[in-house]
Every structure is written in structure tokens, then in C-alpha cells.
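J.: no sequence on hand, only this structure:
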């Protein structure tokens, strides 16, 4: 298992190389922390539970409109952005940014990384 954890940390490291990224996490859809690469200190367990709840609520809301599951959730504030992206049947990839600019580049990177996350977290 430690091999997979190391691979997940490496994948998160690719995202956090972007200077605007404050950190990334891989969490389970049930809200448990799987792997992190954070520059800021946060309550990881509480954060993971809240993000999993948000993604679940968003999925339920979209289903009410007859839509599929969300690819990602984007939450923007004046000095930051949070992206929570579906990463397979058991995982969510979350990235915190220090601004609202550069989201497209980070989304592209997250999409490429989540392919490997789907293979590692089954």
C-alpha cells in the first residue's frame, strides 16, 4: 500500500508545482483523507468531510434536473478558488488556489492526474 500512497503523493506534487496552488488532496467519496500535499495548515478531516458532502449534494441537485454527475465543483472567492473534481468511483481530487486566475491550467492538470488516481484508488 505504501507504494500507492507514494504514487498518489507524487501526483499531488505535480499539481502543487503550480505557484498559484496552495495545496491538493485526494479524499474518499465518504469524506476520508487519502493523501495530501498542502502548503497551508487546515483541519484535513473536517475539510474532507465537507467537500465530500458538497460533491454529493451537487450530484443530487443535478440529478433533480435530469443531468449527470458533476465533473467538478468550482468555488471562487476574491482571494482564492477551490476545485473539487470527481476522480473515479471512490475518490475526489481537491485543489486550493490562491487566486481566481489560472483556473483553466489547473483544471487541465487535474484532469490529466485524475486518470492515474482512478487506477490507484479502486
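T.: Structure's in. What do you need? Model, not experiment: these values are computed from the prediction. Numbering: from 1, shown residues only.

J.: average pLDDT for the longest helix seen in the chain?
T.: With DSSP state H applied, the helix covering the greatest number of residues in the chain is identified as helix 44-64. Averaged across helix 44-64, the pLDDT comes to 94.

J.: residues of it that come out buried?
T.: Going by neighbour count (16 or more other C-beta atoms under 10 Å), the buried part of helix 44-64 is 47-49, 51-52, 54-55, 59. Where you see a C-beta, it was placed from the backbone N, CA and C, and this is true even at glycine.

J.: which SSE is residue 5 in?
T.: In this structure, residue 5 sits in helix 2-16 according to DSSP states H and E.

J.: downstream of that helix, the next helix or strand is which one?
T.: strand 21-28.

J.: what does the first helix or strand past that following strand going along the chain contact?
T.: With elements assigned by DSSP H and E, the helix or strand that comes after strand 21-28 is strand 33-38. Residues outside strand 33-38 that contact it (C-beta atoms under 8 Å, 6 or more residues apart in numbering) are 5, 8-9, 12-13, 15-16, 22-28, 44-45, 48, 91, 96, 121.

J.: at 10 Å instead, please
T.: 4-17, 21-28, 42, 44-45, 47-49, 87, 90-96, 117, 120-121 (C-beta atoms under 10 Å, 6 or more residues apart in numbering).

J.: stretch 102-111 now?
T.: By C-beta under 10 Å, 6+ apart, stretch 102-111 touches 11, 14-15, 17-21, 24, 71-72, 74, 76, 81, 83-85, 87, 93-95, 97, 117.

J.: try it again at 8 Å.
T.: Outside stretch 102-111, the residues touching it (C-beta under 8 Å, 6+ apart) are 14-15, 18, 20-21, 72, 74, 81, 83, 85, 93, 95, 97.

J.: in those residues, find the pair that's most separated.
T.: Distance extremes for the contacts of stretch 102-111: the farthest pair is 14 and 74 at 19.9 Å, using C-beta to C-beta.

J.: looking at the two, which is more packed in?
T.: Ranked by neighbour count (other C-beta atoms under 10 Å), residue 14 and residue 74 place residue 14 first, with 16 against 13.
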